[in-house]
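Trainee: Sequence first, then the predicted structure, then my questions.
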Amino acid sequence: MKDNDTPAPRRRASSSGRKRRAYLLGLIIEKDDGHKRITRAEQFTLVGGSEASHEAVTEGVTKTCEDLKRKGRELEETDPREVRELLQKNIPKR
């Protein structure tokens, strides 16, 4: 490549034949109690929060993934609005 040549733009790999992937990442922000809480699962990671809020959000996200599984669907096949509605239903309000 010469100095005045610009590199060719990178092309995205074709999505044909590839399964789309989805993953939930949750950040729970509230007063810091000095503990670092991280929960990792196949379809989500949650970080932060008090013991009570971290546990409540973990339970809600787990229920959401179970609800989708009962419906025979994966997270990546579900409209984000429906995922949001399920999360709102399954995570208790404080």
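Mentor: Received it, and whenever you're ready, just let me know what you need.

Trainee: going forward, measure contacts between C-alpha atoms and count neighbours the same way
Mentor: OK.

Trainee: all helices in the chain, in order from the N-terminus.
Mentor: Assigned by DSSP state H, the chain shows helices spanning 51-70, 80-90.

Trainee: Which of those helices has the highest mean neighbour count?
Mentor: Highest mean neighbour count of the helices of the chain: helix 51-70, a mean of 17 (counted as mean count of other C-alpha atoms under 10 Å).

Trainee: now for that one, which elements pack on it?
Mentor: Contacts defined by 3 or more C-alpha pairs under 8 Å, 6 or more residues apart in numbering; DSSP states H and E place helix 51-70 against strand 44-48, helix 80-90.

Trainee: tilt between it and helix 80-90?
Mentor: Relative orientation of helix 51-70 and helix 80-90, computed by axes from the mean of the first three to the mean of the last three C-alpha atoms, to 10 degrees: 130 degrees.

Trainee: For helix 51-70, C-alpha coordinates in PDB please.
Mentor: Output of helix 51-70 as PDB, limited to C-alpha atoms (Å, rounded to 0.1, in the frame of the first residue of the first chain):
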ATOM      1  CA  GLU A  51     -27.800  -7.200  48.200                       C
ATOM      2  CA  ALA A  52     -31.600  -6.900  48.100                       C
ATOM      3  CA  SER A  53     -31.800  -5.000  44.800                       C
ATOM      4  CA  HIS A  54     -29.200  -7.300  43.100                       C
ATOM      5  CA  GLU A  55     -31.100 -10.300  44.200                       C
ATOM      6  CA  ALA A  56     -34.500  -8.900  43.000                       C
ATOM      7  CA  VAL A  57     -33.200  -7.900  39.600                       C
ATOM      8  CA  THR A  58     -31.400 -11.300  39.200                       C
ATOM      9  CA  GLU A  59     -34.700 -13.100  40.000                       C
ATOM     10  CA  GLY A  60     -36.600 -10.900  37.600                       C
ATOM     11  CA  VAL A  61     -34.200 -11.300  34.700                       C
ATOM     12  CA  THR A  62     -34.100 -15.100  35.300                       C
ATOM     13  CA  LYS A  63     -37.900 -15.200  35.300                       C
ATOM     14  CA  THR A  64     -38.000 -13.200  32.000                       C
ATOM     15  CA  CYS A  65     -35.600 -15.700  30.400                       C
ATOM     16  CA  GLU A  66     -37.800 -18.600  31.700                       C
ATOM     17  CA  ASP A  67     -41.000 -17.000  30.400                       C
ATOM     18  CA  LEU A  68     -39.400 -16.700  26.900                       C
ATOM     19  CA  LYS A  69     -38.300 -20.400  27.100                       C
ATOM     20  CA  ARG A  70     -41.800 -21.500  28.000                       C
END
